[in-house]
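Asks: Make a model of this:
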Amino acid sequence: MQKVLAFAGSNSSTSINQQLLDHLVGRIQGHKIKEVKLTDYPLPIYSADLEKNEGFPINATIIKNLIAESDALVIAVNEHNGAPSAFFKNIIDWLSRVNRNFLEGKQILLISTSPGKRGASSSLEYTKNIFGRFGGEVIESFSLPSFKDNFEEGKVTNEVLDMGIEDVLTTFAHQIQS
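Replies: Down below sits the predicted model:
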(Lines give C-alpha, C1' and ligand atoms only; values in the text may rest on other atoms or scores of the structure.)
Protein backbone atom coordinates (compact mmCIF):
# COMPACT_ATOMS: atom_id res chain seq x y z
CA MET A 1 0.00 0.00 0.00
CA GLN A 2 1.45 3.34 -1.09
CA LYS A 3 0.92 6.80 0.41
CA VAL A 4 -0.71 9.05 -2.19
CA LEU A 5 -0.98 12.81 -1.78
CA ALA A 6 -3.78 14.50 -3.73
CA PHE A 7 -4.42 18.20 -4.36
CA ALA A 8 -5.84 20.62 -6.90
CA GLY A 9 -3.90 23.55 -8.30
CA SER A 10 -6.84 25.90 -7.88
CA ASN A 11 -7.60 28.54 -5.29
CA SER A 12 -11.29 28.78 -6.19
CA SER A 13 -13.82 27.68 -3.56
CA THR A 14 -16.00 26.38 -6.42
CA SER A 15 -13.20 24.71 -8.41
CA ILE A 16 -14.41 22.14 -10.90
CA ASN A 17 -10.95 20.58 -10.80
CA GLN A 18 -11.33 20.13 -7.04
CA GLN A 19 -14.71 18.48 -7.65
CA LEU A 20 -13.16 16.10 -10.19
CA LEU A 21 -10.28 15.36 -7.83
CA ASP A 22 -12.65 14.58 -4.95
CA HIS A 23 -14.51 12.14 -7.19
CA LEU A 24 -11.40 10.38 -8.49
CA VAL A 25 -9.65 10.11 -5.13
CA GLY A 26 -12.67 8.21 -3.84
CA ARG A 27 -12.19 5.65 -6.61
CA ILE A 28 -8.51 4.80 -6.03
CA GLN A 29 -8.32 1.42 -4.34
CA GLY A 30 -5.57 -0.26 -2.32
CA HIS A 31 -3.63 2.85 -1.31
CA LYS A 32 -3.65 5.35 1.54
CA ILE A 33 -4.86 8.69 0.15
CA LYS A 34 -4.26 12.04 1.83
CA GLU A 35 -6.03 14.96 0.20
CA VAL A 36 -4.97 18.51 1.02
CA LYS A 37 -6.13 21.93 -0.09
CA LEU A 38 -3.26 24.16 -1.18
CA THR A 39 -5.27 27.21 -0.11
CA ASP A 40 -4.59 26.09 3.48
CA TYR A 41 -0.93 26.96 2.83
CA PRO A 42 -0.89 30.56 1.51
CA LEU A 43 2.28 31.79 -0.15
CA PRO A 44 3.33 35.26 -1.28
CA ILE A 45 4.04 35.76 -4.98
CA TYR A 46 7.54 34.45 -5.60
CA SER A 47 10.27 37.06 -5.74
CA ALA A 48 14.03 36.55 -5.70
CA ASP A 49 14.26 39.62 -3.46
CA LEU A 50 11.74 38.17 -1.03
CA GLU A 51 13.62 34.87 -0.96
CA LYS A 52 16.94 36.66 -0.38
CA ASN A 53 15.63 38.96 2.36
CA GLU A 54 13.21 36.65 4.17
CA GLY A 55 14.10 33.11 3.13
CA PHE A 56 11.56 30.45 2.30
CA PRO A 57 8.01 30.80 3.62
CA ILE A 58 7.16 28.07 6.14
CA ASN A 59 4.20 27.00 4.00
CA ALA A 60 6.49 26.25 1.06
CA THR A 61 8.50 23.95 3.31
CA ILE A 62 5.30 22.33 4.64
CA ILE A 63 4.06 21.59 1.12
CA LYS A 64 7.50 20.25 0.13
CA ASN A 65 7.45 17.96 3.17
CA LEU A 66 3.93 16.71 2.38
CA ILE A 67 5.15 15.77 -1.09
CA ALA A 68 8.34 14.19 0.28
CA GLU A 69 6.33 12.02 2.70
CA SER A 70 4.23 10.56 -0.12
CA ASP A 71 5.03 7.82 -2.61
CA ALA A 72 2.83 9.15 -5.40
CA LEU A 73 0.72 12.20 -6.28
CA VAL A 74 -2.67 12.89 -7.84
CA ILE A 75 -2.83 16.47 -9.03
CA ALA A 76 -5.75 18.28 -10.62
CA VAL A 77 -4.46 21.05 -12.85
CA ASN A 78 -6.73 23.98 -13.64
CA GLU A 79 -6.36 26.31 -16.60
CA HIS A 80 -6.48 30.07 -16.97
CA ASN A 81 -6.10 31.30 -20.55
CA GLY A 82 -4.36 28.14 -21.73
CA ALA A 83 -1.89 27.81 -18.84
CA PRO A 84 -1.87 26.72 -15.19
CA SER A 85 -3.28 29.34 -12.84
CA ALA A 86 -0.93 31.91 -11.33
CA PHE A 87 -1.79 30.36 -7.94
CA PHE A 88 -0.48 26.92 -8.97
CA LYS A 89 2.51 28.29 -10.90
CA ASN A 90 3.51 30.30 -7.81
CA ILE A 91 3.48 27.15 -5.67
CA ILE A 92 5.67 25.36 -8.22
CA ASP A 93 8.03 28.36 -8.25
CA TRP A 94 8.43 28.31 -4.46
CA LEU A 95 8.78 24.52 -4.27
CA SER A 96 11.48 24.51 -6.95
CA ARG A 97 13.43 27.09 -4.94
CA VAL A 98 13.14 25.17 -1.66
CA ASN A 99 14.32 21.99 -3.42
CA ARG A 100 14.92 21.88 -7.18
CA ASN A 101 14.02 18.16 -7.22
CA PHE A 102 10.94 18.43 -5.00
CA LEU A 103 9.20 15.73 -7.10
CA GLU A 104 12.13 13.31 -7.18
CA GLY A 105 10.97 9.71 -7.24
CA LYS A 106 7.29 10.65 -7.32
CA GLN A 107 4.92 8.92 -9.71
CA ILE A 108 2.14 11.28 -10.71
CA LEU A 109 -1.39 11.09 -12.03
CA LEU A 110 -2.39 14.41 -13.61
CA ILE A 111 -6.02 15.25 -14.23
CA SER A 112 -7.75 18.33 -15.55
CA THR A 113 -11.13 19.63 -16.61
CA SER A 114 -12.69 22.83 -17.87
CA PRO A 115 -16.05 24.04 -19.11
CA GLY A 116 -14.69 23.83 -22.68
CA LYS A 117 -14.19 20.93 -25.05
CA ARG A 118 -10.42 20.77 -24.49
CA GLY A 119 -10.74 20.02 -20.77
CA ALA A 120 -7.77 22.20 -19.76
CA SER A 121 -5.52 20.02 -21.90
CA SER A 122 -3.06 22.89 -22.58
CA SER A 123 -2.43 23.32 -18.86
CA LEU A 124 -2.22 19.55 -18.42
CA GLU A 125 0.41 19.27 -21.17
CA TYR A 126 2.42 22.20 -19.80
CA THR A 127 2.45 20.65 -16.33
CA LYS A 128 3.31 17.22 -17.71
CA ASN A 129 6.31 18.72 -19.49
CA ILE A 130 7.74 20.68 -16.56
CA PHE A 131 7.30 18.08 -13.81
CA GLY A 132 10.17 16.02 -15.23
CA ARG A 133 12.50 18.97 -14.56
CA PHE A 134 11.79 18.57 -10.87
CA GLY A 135 12.29 14.79 -10.75
CA GLY A 136 8.65 13.71 -11.14
CA GLU A 137 7.31 11.05 -13.49
CA VAL A 138 3.82 11.54 -14.88
CA ILE A 139 2.67 7.96 -15.41
CA GLU A 140 -0.97 8.69 -16.25
CA SER A 141 -3.09 11.68 -17.20
CA PHE A 142 -6.70 12.36 -18.02
CA SER A 143 -8.53 15.43 -19.29
CA LEU A 144 -12.31 15.62 -18.82
CA PRO A 145 -13.85 17.89 -21.47
CA SER A 146 -16.99 20.00 -21.08
CA PHE A 147 -17.28 19.62 -17.32
CA LYS A 148 -20.89 20.84 -17.07
CA ASP A 149 -22.02 18.35 -19.72
CA ASN A 150 -20.11 15.37 -18.29
CA PHE A 151 -20.13 15.76 -14.50
CA GLU A 152 -23.14 15.98 -12.25
CA GLU A 153 -23.86 15.40 -8.57
CA GLY A 154 -20.28 14.45 -7.82
CA LYS A 155 -19.74 11.93 -10.61
CA VAL A 156 -18.89 11.57 -14.28
CA THR A 157 -22.08 11.09 -16.27
CA ASN A 158 -20.63 10.21 -19.66
CA GLU A 159 -20.13 6.42 -19.67
CA VAL A 160 -17.32 6.41 -22.22
CA LEU A 161 -15.36 9.06 -20.33
CA ASP A 162 -16.02 7.24 -17.07
CA MET A 163 -14.59 4.03 -18.53
CA GLY A 164 -11.51 6.00 -19.61
CA ILE A 165 -11.12 7.35 -16.09
CA GLU A 166 -11.47 3.87 -14.61
CA ASP A 167 -8.77 2.59 -16.95
CA VAL A 168 -6.42 5.45 -15.97
CA LEU A 169 -7.07 4.93 -12.25
CA THR A 170 -6.52 1.18 -12.48
CA THR A 171 -3.26 1.63 -14.39
CA PHE A 172 -2.07 4.28 -11.94
CA ALA A 173 -2.93 2.16 -8.88
CA HIS A 174 -1.09 -0.87 -10.32
CA GLN A 175 1.88 1.18 -11.53
CA ILE A 176 2.57 2.76 -8.14
CA GLN A 177 2.28 -0.63 -6.46
CA SER A 178 5.31 -1.97 -8.33
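
Asks: going forward, measure contacts and count neighbours with C-alpha atoms only.
Replies: Noted.

Asks: Poorly predicted segments of the protein, please.
Replies: Counting by pLDDT under 70, the low-confidence segments of the chain come to 178.

Asks: tell me which residues of the host helix or strand of I91 are tucked away?
Replies: The secondary structure element spanning I91 is helix 86-98 (assigned by DSSP states H and E). By neighbour count, and taking 16 or more other CA atoms under 10 Å as the criterion, the buried residues in helix 86-98 are F87, F88, K89, N90, I91, I92, W94, L95, S96, R97, V98.

Asks: check contacts around the second one.
Replies: If I follow you right, that is F88. By CA atoms under 8 Å, 6 or more residues apart in numbering, the residues touching F88 are G9, S10.

Asks: Could you pull out the helices in this protein for me?
Replies: Residue ranges of the helices in the chain, as given by DSSP state H, are 16-25, 48-54, 58-68, 86-98, 121-131, 147-150, 159-177.

Asks: Would you tell me which one of those is buried the most?
Replies: With neighbours defined by mean count of other CA atoms under 10 Å, none of these is more surrounded on average than helix 16-25, at a mean of 21.

Asks: Residue nearest the middle of this protein, spatially speaking?
Replies: Among the residues of the chain, the smallest C-alpha distance to the mean C-alpha position (CA atoms, centre = their mean) belongs to I75, namely 1.6 Å.

Asks: my guess is that residue contacts I111, does it?
Replies: Yes - here I75 lies in contact with I111, judged by CA atoms under 8 Å, at a distance of 6.2 Å.
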